[in-house]
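*Asks:* Next input, structure requested:
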Amino acid sequence: MSNMKLGEIFGNKAIEDFGTALRKAVRDERSQDYASLIELEYVEKPEEFAEAVKKFLRRYDSYAKKYKIIRPSDDSLIEMMKLVDLYGVRVIRAALIAHALVKAPTEEVTQGGEINE
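*Replies:* From the prediction side, this is the model:
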């Protein structure tokens, strides 16, 4: 854990994929999945993290199928769990939530203050 490079973790494609999916789930008014965000916020152990990710994916799957939204890949899931094994839950959880809450590259704010993605 002492060789942790936060830039590498936050810039990891798997973290970006899951963080983007979490952002869509939280911000899209058709989903508004705040439960996943809250559940992830309070996990401490790897097993709890895995359970929170499973619940998120179950919710996200329905939303993604209904609105034809790309889901995170198997490779991203495996890579993210390897990062949990390597660096622990806290930093991976922080990276996911941070990605979910930042402004998306395609996000625009209108003059009225509305956010369009």
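
*Asks:* who are the neighbours in contact with Ala52?
*Replies:* Contact analysis of Ala52 by Cβ atoms under 8 Å, 6 or more residues apart in numbering lists Ser36, Glu39, Leu40, Val43. For every residue, glycine as well, the C-beta is placed using N, CA and C.

*Asks:* Toward the C-terminus from the helix ranked longest in the chain, list the very next helix or strand.
*Replies:* When the chain is parsed with DSSP state H, its longest helix is helix 46-67. Next helix or strand after helix 46-67 toward the C-terminus (DSSP states H and E): helix 74-87.

*Asks:* Can you classify the most centrally placed residue in the chain as helix, strand or coil?
*Replies:* With distances taken as Cα atoms, centre = their mean, Gly19 lies nearest the centre of the chain, 2.7 Å away. Classification of Gly19 using DSSP: H, G, I helix; E, B strand; the rest coil returns helix.

*Asks:* what number of residues lie near Arg42?
*Replies:* That one is not Arg; residue 42 is Tyr. Tyr42 has 9 neighbours, counted by other Cβ atoms under 10 Å.

*Asks:* Please report the distance of it from Ala52.
*Replies:* 8 Å (Cβ to Cβ, to the nearest Å).

*Asks:* low-confidence ranges in the chain?
*Replies:* Counting by pLDDT under 70, the low-confidence segments of the chain come to 1-2, 107-117.

*Asks:* OK, contacts around the residue nearest to the centre of the chain?
*Replies:* For Gly19, the contact set (Cβ under 8 Å, 6+ apart) comprises Ala95, Leu96, Ile97, Ala98, His99, Ala100.

*Asks:* Give the closest residue to it in space, chain neighbours not counted.
*Replies:* With Cβ to Cβ, 6 or more residues apart in numbering as the measure, His99 is the residue that lies nearest to Gly19, at 2.3 Å, once sequence neighbours are left out.
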